[in-house]
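> using only what follows, build the 3D model:
(2 chains)
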Amino acid sequence: MASKINTVKGTREFYPEEMALRNYLYEKVGVAARSFGYQEYDGPFIEPIDLYAAKSGEELVKKQSFTFEDRGGDLVTLRPELTPSLARMIAAKQGELTFPARWWSFGPFWRYEQPQKGRTREFFQWNIDMLGVSSPEADAELIAVGANFLRSVRLDPQQATIYVNNRRLMDAEFDALKIPSEKRMDVSNLVDRRTKMEPAKWDAYALELALDQTQLNGLKDVLGNLDLWKKSDELVRLFATLEALGVKEYVKFDPNIMRGILYYTGTVFEAFDNSGSVKRAILGGGRYDNLLEDVGGQPLSGVGFAMGDVVMGIVLQEKGLLPEFIPSPAPVLVTIFDETLIRDSYALAAEFRNAGLNVLCYPEPAKLQKQFKFADKMKARIVVTLGPDEVAKGLVAVKNLVNSEQVTVKRDAALELIKGLLAGA
RNA sequence: GAGCCUGUAGCUCAACGGCAGAGCGCCACACUGUGGAUGUGGAUGUUGAGGGUUCGAAACCCUUCAGGCUCCCCA
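Take a look at the predicted model:
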C-alpha cells in the first residue's frame, strides 16, 4: 500500500475554487494599481539571507524564514517579503529610472511560522510602492489605492477601515513625555499590544517597562486623543488629500497604530475588518525614508503597503462577498447522442471553438439526461444536441438552460444564435 | 519555541467502554431524445496514523501527524 504523502505544513493546495479566488484578487489589485498608473514587476523567489539580515532582526530572519544551504554552500531563503528586493532593484537602476516610480506586484511568499487562522507558511501578497517622492499627498495616494481596492471587492467603509497614524507625530509626543530614545522600541510594542491586553495588565506592563506614572497617564491621553492629528501638518494634508480623492470615509486617524516594522519613518496605516472573526490586519504599510541606503543606494524615500491573500480571503468569505464560482469556463456543452454520432458532435464543437467559443463535450456516449445534468452542474448556459433527426435535416437543437427554451435551427445558423444568447444574458 | 482544544462517510456532525449512524451530497430507477423539483431504492468508513490498557476501544493511556485557539512573532 502506497504511503500517503502529506502537504508541507502551512502550504496550500489551490483547487479550482481557491484558484478562482486567487485570480479574482490578482485581477482586483491589478485594476486598483493600474488605475493610479502603477506598473507590475516581480523579484526573485529565492534570495540570499543577507538581503534580509541587513535590515531586519537577525533572529527573526533565522527563525521565521525558510532558509537552506544551496549546493554551492551559500545560505539562501525563500523570500519572506518583497521590500528589500524592491529596494535593491531600484538602487541598481537608480540613475536610469524616472521618478516617482510606481510599482506593484502579486506573488508568493514564505514564512516559517505557526499556522493559525489567517496565517499560513505560504501565502500570496500584494505589494505596491511609490518611490522617489516624500509628500503627504503621495502617502494619501497609496491609501487611496488601498481604499479603492476595498471598494472594488465590495467591502464598504463600515466593514473595512484603514487606520492611519504618523511616526513623526508620535515621536514628538514621546519627546514631550520625556520618554528616552532607547525606550521607543519598547513603547511602540506596548502601544501595539494595547488592544490585545486587559487595561490593568497593560498598565502594569507599561510601568514594568520603566515608564513612570506621569508618563503612563500622558501616554494614555495621547492614545485616546482622536484629534491629535490636527497637530501634524503631514496628517492635516493627508486627510485633506484623501477627501479630494474620494476615499475619506474609508480612513480614520488612530494614534494606536504603530506597526512593529523598524523602517517606517512617517505615515503608517493598517486596514482592519471591523466585524469579522479575523483580528489581523487586512493590509498595512507606511512611509520609509531610509530603506535604499541600507542596500547601497542613494537616499530615496518611498511609501507603500502589503496585503496578504489569506486574511482577505477569509474576510470576503465571512461577508458572503466571494465571487460566484463557475465550475467550467465553457458556457456551451455539445451532447454526444450515441456512438455513431460522436464525430458529428465533435466536428460541430470544433467549429464553435474555431469561432472563439469555449465548448465542452461529453467524452463518451451517455444518456442525454446525464449529459444535461452534467451541463447544469458545470453551470453551462447552453446545450447543443445533434441527434439522428437533426442530422437528417441538417439542423441542430439549441437549448438555453437559463430559461429552458429550446429552438431547432439550421446547422449554419447555430453559431450566431449561440453567440446572441451568450451576449444577451 | 510553549500551553490548551479538535480529528468519525465526499461535506456537516451524532454515537462517549458493548452491533459505527443521521442530514446533505453521490449513484440508479420512476423519465430508454433533454438539467434544476419530487418520490423510491442503493453504495460509501482500517473512526487521521502507530502502539498500549481491556473479555471488548471511535471512546481510556502514550507517541506521532494535521487543523484550530492563545502566548511569542507578525519584515
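> use CA for all of it now, contacts and neighbours both
OK.
> quick one, phi psi at residue A:198?
phi -70, psi 140 (degrees, to the nearest 10).
> roughly how far apart are it and residue A:204?
10 Å (CA to CA, to the nearest Å).
> residue A:163: which element?
Assigned by DSSP states H and E, residue A:163 belongs to strand A:160-166.
> show me the contacts for the residue nearest to residue A:312 when sequence neighbours are not counted.
Spatial nearest neighbour of residue A:312, excluding adjacent residues (CA to CA, 6 or more residues apart in numbering): residue A:282 at 6.0 Å. Residue A:282 is in contact with A:270-273, A:307-308, A:311-312, counting by CA atoms under 8 Å, 6 or more residues apart in numbering.
> buried members of those residues into PyMOL, please.
To isolate the buried members of the contacts of residue A:282 in PyMOL, using 16 or more other CA atoms under 10 Å:
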select buried, chain A and resi 270+271+272+273+307+308+311+312
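> contact residues of the stretch 251-400 of chain A facing RNA strand B?
A:259-262, A:280, A:367-370, A:372-373, A:376-377, A:381, A:385-390, A:397, A:399-400 (CA under 7 Å from any atom of the strand).
> of those, which belong to helices?
Using DSSP state H, the members of those that fall in helices are A:368-370, A:372-373, A:376-377, A:388-390.
> any chance of a markdown table for these, columns neighbour count and pLDDT?
What follows is these, written out as a markdown table (neighbours: other CA atoms under 10 Å; pLDDT from 0 to 100):
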| residue | neighbour count | pLDDT |
| --- | --- | --- |
| A:368 | 15 | 93 |
| A:369 | 9 | 92 |
| A:370 | 13 | 91 |
| A:372 | 20 | 94 |
| A:373 | 11 | 93 |
| A:376 | 16 | 93 |
| A:377 | 12 | 91 |
| A:388 | 14 | 94 |
| A:389 | 11 | 93 |
| A:390 | 16 | 95 |
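> quick check: the farthest pair among the residues you listed?
A:377 and A:389 (26.9 Å; CA to CA).
> list the buried ones in the strand or helix carrying residue A:192?
Residue A:192 is located in helix A:184-193, with elements delineated by DSSP H and E. Across helix A:184-193, burial judged by 16+ other CA under 10 Å covers A:187-188, A:190-192.
> same check, this time on stretch A:252-262
A:252-259.
> residues near residue A:343, how many?
12 (other CA atoms under 10 Å).
> can you report phi and psi for it?
Torsion angles, degrees, to the nearest 10, at residue A:343: phi -70, psi -40.
> so how far is residue A:384 from it?
14 Å.
> quick one: low-confidence ranges for the stretch 301-425 of chain A?
Applying pLDDT under 70 to the stretch 301-425 of chain A flags residues A:425.
> quick one: the helices in it?
A:309-318, A:342-354, A:368-377, A:388-393, A:411-424 (DSSP state H, counting those that start in this stretch).
> likewise for the stretch 101-250 of chain A?
Using DSSP H, counting those that start in this stretch, the helices found in the stretch 101-250 of chain A span residues A:136-152, A:167-176, A:184-193, A:199-208, A:213-224, A:233-244.
> on that earlier part again, among the buried residues of helix A:184-193, which one lies nearest to residue A:162?
The closest of these, once distances to residue A:162 are taken by CA to CA, is residue A:192, at 15.7 Å.
> tell me the confidence at the closest one?
At residue A:192, the model reports a pLDDT of 82.
> tell me the domain ranges of chain A?
A:16-43+A:79-318, A:332-424 (automatic domain parsing).
> now those domains in JSON lines, with distance to residue A:6?
Output for the domains of chain A, formatted as JSON lines (distance: least, CA to CA, whole Å):
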{"stretch": "domain A:16-43+A:79-318", "distance to residue A:6": "15"}
{"stretch": "domain A:332-424", "distance to residue A:6": "29"}
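> residue A:53: which of the ones you listed is closest?
domain A:16-43+A:79-318 (10.2 Å).
> and the end-to-end length of that closest one?
End-to-end distance for domain A:16-43+A:79-318: 19 Å, by CA to CA.
> picking that back up, with distance to residue A:69 added, can I get the buried residues of helix A:184-193 in a markdown table?
Converted to a markdown table, those look like this (distance: CA to CA, whole Å):
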| residue | distance to residue A:69 |
| --- | --- |
| A:187 | 37 |
| A:188 | 35 |
| A:190 | 37 |
| A:191 | 38 |
| A:192 | 35 |
